[in-house]
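In: sequence first, predicted coordinates after that:
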Amino acid sequence: MRPVPSAAVLLALTLTGTACDGGGHGTAGAPGVHDPYFPKAGNGGYDVAHYALTLDYTPATRHLTGTAVITARAKQDLSAFDLDLVGLHVDSVTVEGASARWNRTGQELTIRPHDDLAGGETFSTTVHYSGTPRTLTDPDGSEEGWLPTADGALGLGEPVGSMAWFPGNHHPGDKATYDITVSVPKGLQAVSNGELTGRHTHDGRTSYSWHTAQPMASYLATVAVGHYDITRTAGPHGLPIVTAVDPTQATASDKVLARIPEVLAWEESTFGPYPFSSAGAIVDRTDDAGYALETQNRPVFPGAPDIGTLVHELAHQWYGDSVTPLSWRDMWLNEGCATYAEWLWQEDHGGPSAQQTFEDLYDGDDAAVWAFPPAKPTSAAHISDSPVYERGAMVLQKIRQKVGDDTFYDILQGWAAARRHGSASTADFTSYVEHKAPDEDFGGIWKDWLYGDGKPDRP
């Protein structure tokens, strides 16, 4: 470890914002972006453009060695900036090739470059790190971060788990492109986001290189290490589809995964052009994770998914992955839209109409649906609760009732196109809806269904 200044010196540097060398005039970037549920997540003062991650993992010892090269643009004159990283040992840090001072406090890795960074400057930070990555427990009790599996590991990041295996600006408001190379013992595979660009075996280890060209929030990054049956097929317009399936799940998964092209074609007709350059799925064993997750390009499933779950997670490629929430308070924009996709799939494939599903929920006896408004979860422990999913979908059905099908589908497709590869808030969405239907009054929907406490009056 590079020597760390004394506590008194660190405090002085933090309070004055002076650089550790050269007497510059920059200030320190904020150690968090004040997310309403995860205030320490993310960092101020810069935007990341690209992550180049080189990982070496040995399942038998659970040891990870990593190098993260982070290319970012300074949003202000910076004397210091933070990255989110929990656990793991930092071996060295350089900024623009020069050794940088750094210190750790909780999840914050505070870096002080040799010279101040000028606002608008693009700069590169390299962090070498190692250790045993942690499995984190979310406020709702679910596990994320780095999950050891029977034959490898699985990296899952929603909402903040990616900081358990690489340093970064871990908030959905800052998206970047990625190159992820993972070296594992020969005989194992390493699957990640995007497209495979290289595979090389040397001295008993195989490296897999994956490239993600479209911007991705860090919580959507994944690495799956283990034994997989990997299949490459084509979807709509020749879209590459890559599935990686644990051999124990292959038979149970074959039929539903074969429907990925069909689901994507239907979702393109409903939501507009698919937003990424490849698609697919990762299927691990049922006890490797307690949930499915919409990791970009290829969602992760704990065991063979049913068709509804497949539709849901692939719909997230539009709503959540391409159009990403600006903060975790906006989670319903992900989950309400993906849940509504399930309703529309049922409606178009011989099941109940979306209106019937809406009415069944309204008339049902599940009080959890009305526990809080979808746009105002009560705490971080509840951002994945029923109101975010089911009541979020009900908001969309209320909009459809108000504007009619033609305008409603224009809204669904237009929203995905207008915010493609960006981040957006609930206020952005409501403004967009009002712009698309300027003659309609949505005040009651926003007040009663989106932000209102309790069960609204009979629709």
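Out: Structure's in. What do you need?

In: low-scoring pLDDT stretches of this structure, where are they?
Out: The model of the chain has pLDDT under 70 over residues 1-24.

In: quick one: contacts for the residue lying closest to residue 60 once chain neighbours are set aside?
Out: Nearest residue to residue 60 in three dimensions, chain neighbours excluded: residue 185, at 7.8 Å (Cβ to Cβ, 6 or more residues apart in numbering). For every residue, glycine as well, the C-beta is placed using N, CA and C. By Cβ atoms under 8 Å, 6 or more residues apart in numbering, the residues touching residue 185 are 58-60, 204-206.

In: residue 307 too?
Out: Taking Cβ under 8 Å, 6+ apart, one finds 256, 259, 263, 345 in contact with residue 307.

In: go on, residue 269?
Out: Not one residue lies near residue 269 by Cβ under 8 Å, 6+ apart.

In: before we move on, what about residue 452?
Out: Contacts for residue 452 (Cβ under 8 Å, 6+ apart) come out as residue 373.

In: distance of it from residue 71?
Out: Residue 452 sits 44 Å away from residue 71, going by Cβ to Cβ, to the nearest Å.

In: quick revisit: now for the contacts of residue 307: which two are most distant?
Out: 256 and 345 (13.0 Å; Cβ to Cβ).

In: can you give me the helices for the stretch 1-150 of the chain?
Out: For the stretch 1-150 of the chain, applying DSSP state H, counting those that start in this stretch gives helices covering 7-16.

In: JSON lines for the contacts of residue 307, including neighbour count, distance to residue 359 and secondary structure?
Out: Conversion of these to JSON lines gives the following (neighbours: other Cβ atoms under 10 Å; distance: Cβ to Cβ, whole Å; DSSP: H, G, I helix; E, B strand; the rest coil):
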{"residue": "256", "neighbour count": "18", "distance to residue 359": "28", "secondary structure": "helix"}
{"residue": "259", "neighbour count": "13", "distance to residue 359": "28", "secondary structure": "coil"}
{"residue": "263", "neighbour count": "20", "distance to residue 359": "26", "secondary structure": "helix"}
{"residue": "345", "neighbour count": "21", "distance to residue 359": "18", "secondary structure": "helix"}
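
In: name the nearest residue to residue 413, sequence neighbours excluded.
Out: residue 272 (4.0 Å).

In: mind listing what that neighbour touches?
Out: Applying Cβ under 8 Å, 6+ apart to residue 272 gives the contacts 318, 412-413, 416-417.

In: again, only this time at 10 Å
Out: The contact partners of residue 272, taken as Cβ atoms under 10 Å, 6 or more residues apart in numbering, are 318, 322, 409, 412-417, 420.

In: same question, residue 166
Out: Residue 166 makes contacts with 51, 53, 55, 64, 66-68, 70, 83-85, 88, 127, 129, 133, 155, 157, 178, 180, 218, 221, 223, as judged by Cβ under 10 Å, 6+ apart.
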